[in-house]
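> Let's see this in three dimensions:
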Amino acid sequence: MSQETHIPSTLRPALYLIPVGLGDTPFDSVFPAANRQVITQLRHFIVENLRTSRRFLKWVDLDIDALTFDILDEHTPESYVARMLDPLARGEAVGVMSEAGCPAVADPGALAVAEAQRRGYEVVPLVGPSSILLGLMGSGFNGQSFAFLGYLPIDRQQRRDRLQQMRQRILHERQTQIFIETPYRNNRLIAELATALPADMLLCVASELTTPQQSIITRRLADWARATYDYDRKPTIFLLYS
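Presented below is the predicted three-dimensional model:
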């Protein structure tokens, strides 16, 4: 494949939020053509993970040696974020990329967006996959009131308390509860939910979204307790409802 290395930029000096794939899926089956047109004109990137970002940009046919990268992850001091937007002050566009899915949604890229908004720069989110929304769409749960909680606490008591808080929100607010787990503990989490929460509560397990191996299954916890499954080491998102 030829690399598009000399495309003159016609982009406005804005912060472009660039979704990346959730798995190894052909670009055109997940992203609109307009995304490629934007990405191939960018030369400055703020990324959560350099390795996965460079791999994605190679996939889009960019010459990564001609690009500049700033790392914005959970360890980056907030004081470093402002200088990452320096190209915008020079009239150049900047792209923000997460490790997977949509940047700035449960992602450190939100810090760059917040800084751009404070400075009055234009922010342009591009269309792409979000495991949170895809899982919600496929679950059959309430899509008008929902909360993404990230990872559950590791501490046993705090974890139990969080599960009971989730249960109360479901019962009293009819709010879908969405969360994730470290992938190698996915199976253990399902077993834990089946013993800690009412048997008639519904659990949706949405795994390997947008890939040929995609699986979105909603069952009562009583049925999950009897089911055979293996989600360990697979990117998976969990949703609870009743």
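> From the contact counts, what lies against the longest helix seen in the chain?
Longest helix in the chain, counting residues (DSSP state H): helix 156-173. The criterion is 3 or more CB pairs under 8 Å, 6 or more residues apart in numbering; DSSP states H and E, and the helices and strands that helix 156-173 contacts are strand 146-151, strand 176-180, helix 186-196, strand 236-241. For every residue, glycine as well, the C-beta is placed using N, CA and C.
> Now with 7 Å, please.
Of the remaining helices and strands, those touching helix 156-173 by 3 or more CB pairs under 7 Å, 6 or more residues apart in numbering; DSSP states H and E are strand 176-180, strand 236-241.
> separation between the residue nearest to Ser53 when sequence neighbours are not counted and Leu67?
Once its chain neighbours are removed from consideration, Ser53 has its nearest residue in Val47; the separation is 3.9 Å (CB to CB, 6 or more residues apart in numbering). Val47 sits at a distance of 10 Å from Leu67 (criterion: CB to CB, to the nearest Å).
> of those two, who's got more company?
In this comparison of Val47 against Leu67, neighbours counted by other CB atoms under 10 Å, the higher total goes to Val47 at 26 against 15.
> Return the residues in contact with that one.
If you count contacts by CB atoms under 7 Å, 6 or more residues apart in numbering, Val47 has them with 53, 69, 71-72, 97.
> rerun at 8 Å
If a contact means CB atoms under 8 Å, 6 or more residues apart in numbering, then Val47 has 53, 69-72, 96-97 as its contacts.
> same question, Glu74
Remark: with contacts taken as CB under 8 Å, 6+ apart, Glu74 is in contact with Pro108.
> how about it, secondary structure?
Reducing the assignment to helix, strand or coil with DSSP: H, G, I helix; E, B strand; the rest coil, the entry for Glu74 is coil.
> hey, what's the spatially most central residue of the chain bridged with?
Against the mean C-alpha coordinate of the chain, by CA atoms, centre = their mean, the closest residue is Gly101 at 3.8 Å. With DSSP bridges applied, Gly101 shows beta-bridge pairing to Val20.
> how close does it sit to Arg12?
If you measure Gly101 against Arg12 using CB to CB, the figure is 24 Å.
> Ok, Met166 next?
Noted for Met166: a distance of 42 Å to Arg12, by CB to CB.
> repeat for Asp86
Taken as CB to CB, the spacing of Asp86 relative to Arg12 amounts to 17 Å.
> Equivalent analysis for Val81, please.
From Val81 over to Arg12 the distance is 21 Å, taken as CB to CB.
> More neighbours: these two, which one.
Between Val81 and Arg12, counting by other CB under 10 Å, Val81 is the more crowded of the two (20 against 11).
> Quick check: buried residues in the one helix or strand that one maps to?
Following DSSP states H and E, the helix or strand that holds Val81 is helix 81-84. Along helix 81-84, the positions that meet the burial threshold by neighbour count (16 or more other CB atoms under 10 Å) are 81, 84.
> Show me which positions of the lowest-mean-pLDDT helix or strand in the chain end up buried.
Least confident helix or strand of the chain, by mean pLDDT, DSSP states H and E, is helix 50-59 with a mean of 91. Using 16+ other CB under 10 Å as the test for burial, helix 50-59 gives 52-54, 56-57.
> Perfect, I'm done here.
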